[in-house]
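Engineer: build me a structure from this.
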Amino acid sequence: MRAMCYLFLSVLSQVSSYAVHAEALKVSGHVGHNVTMPCAYSAQAHGLLSFCWGRGKVPTFKCSNRIIYAKDGVVSFISESRYKLLGHLSDGDVSLTILNVRPGDTGVYGCRVEIPGMFNDYKVNIYLAVEEVPSQQPVTQVSLPVTAKRQQAISAVSEFEHAGGDDLTLNRKGRAEEASRAFQEVGNICRIAAIVSLTVLIIPIFIASEKRPRPLKHLKTSTRENVYEMI
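Structural biologist: Residues are numbered from 1 along each chain as shown. The predicted model follows:
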């Protein structure tokens, strides 16, 4: 009797342990994208173990509707090329990645890692929800009715802008006339300065030419003329 009770308690503890290992997760994916469903164990503690993935919840033994199976860490079966194991199997990462997700991929997936011992297998059930890619909603422009007050405000703004444009044109014309006048004044100043400079240069030249000695031939000719006059 005691042996039966001990066996019952042992089985109950193993079932409790099994319930703890059976986890439930939810993963969402979008049509046309890749999605990864996590599943991992400690390869350092247990070594490379056998595992499987299946469609549907993990049953008591093995995997239902098996899509992937590996024996001692070596993959021996994959039902479809879209199913990939992209994790490091040597580290115990046996996560399942589905490429180019389709609406038909929606459903429950089960991962089972065969850990040695009674009811020690690690199990995880994942519900994959595949959703359509959200499309951008077009922006709708709503035109409000033009009321009398709004029309008056628009007219006032238009008149103000028109008046501002006229003032701006007048300001530009005034600035142009001022620039023209300033340019003319600068031209006149330059002319006066040129005349003064030429005058200053010519006067010394004229004075220097007056002070030059006359040639001797001219003096001799004048002396002869005076002798003839005396005779």
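
Engineer: next one: the residue nearest to G87 when sequence neighbours are not counted, what pLDDT does it get?
Structural biologist: In space, G87 comes closest to D93 once its chain neighbours are excluded; the distance is 3.0 Å by C-beta to C-beta, 6 or more residues apart in numbering. C-beta coordinates here come from the backbone N, C-alpha and C atoms, glycine included. With respect to pLDDT, D93 scores 97.

Engineer: so D93 sits against G73, correct?
Structural biologist: No: counting by C-beta atoms under 8 Å, D93 sits too far from G73 to count as a contact (11.0 Å).

Engineer: what touches both of the two?
Structural biologist: Between them, D93 and G73 share no contacting residue under C-beta atoms under 8 Å, 6 or more residues apart in numbering.

Engineer: tell me the secondary structure for S197?
Structural biologist: Three-state call for S197 (DSSP: H, G, I helix; E, B strand; the rest coil): helix.

Engineer: that one: neighbour count?
Structural biologist: Using other C-beta atoms under 10 Å, the number of residues around S197 comes to 10.

Engineer: going forward, begin numbering at 648 instead of 1
Structural biologist: Noted, 648 is the first residue going forward, which turns the last one into S844.

Engineer: that one and I836, how far apart?
Structural biologist: According to C-beta to C-beta, to the nearest Å, S844 stands 12 Å off from I836.

Engineer: over to Q691?
Structural biologist: Distance from Q691 to I836, by C-beta to C-beta: 96 Å.

Engineer: over to E727?
Structural biologist: 94 Å.

Engineer: and for I725?
Structural biologist: 96 Å.

Engineer: comparing the two, which residue is more hemmed in?
Structural biologist: The residue with more neighbours, out of I725 and I836, is I725; 15 against 10, by other C-beta under 10 Å.

Engineer: can you pull the contacts of the closest residue in space to the more buried one that isn't next to it in sequence?
Structural biologist: Leaving aside its sequence neighbours, I725 sits nearest to I715 (C-beta to C-beta, 6+ apart; 5.4 Å). By C-beta under 8 Å, 6+ apart, the contact list for I715 reads C699, W700, V722, F724, I725, S726, Y730, L732, L743.

Engineer: count the neighbours of the last one for me.
Structural biologist: When you say that, I think you mean L743. L743, neighbours per other C-beta under 10 Å, totals 22.

Engineer: can you name the residues bridging to it?
Structural biologist: Beta bridges link L743 to M684, judged by DSSP bridges.

Engineer: may I have the residues that are in contact with it?
Structural biologist: T683, M684, C686, W700, I715, Y730, K731, L732, Y756, C758.

Engineer: ok, so of these, who is nearest I849?
Structural biologist: Among these, T683 lies closest to I849 (C-beta to C-beta), at 100.2 Å.

Engineer: list the contacts of the longest strand seen in the chain.
Structural biologist: Determined from DSSP state E, the single longest strand within the chain is strand 769-778. Residues outside strand 769-778 that contact it (C-beta under 8 Å, 6+ apart): 665, 668-678, 682, 684-686, 688, 704-705, 745, 748-750, 752-760, 762.

Engineer: just checking: what are the partner strands of that strand?
Structural biologist: Sheet pairing for strand 769-778, using DSSP bridges, gives strand 670-677 (parallel), strand 754-760 (antiparallel).

Engineer: and that strand, what's buried?
Structural biologist: Residues Y769, K770, V771, N772, I773, L775, V777 are the ones in strand 769-778 that count as buried (16 or more other C-beta atoms under 10 Å).
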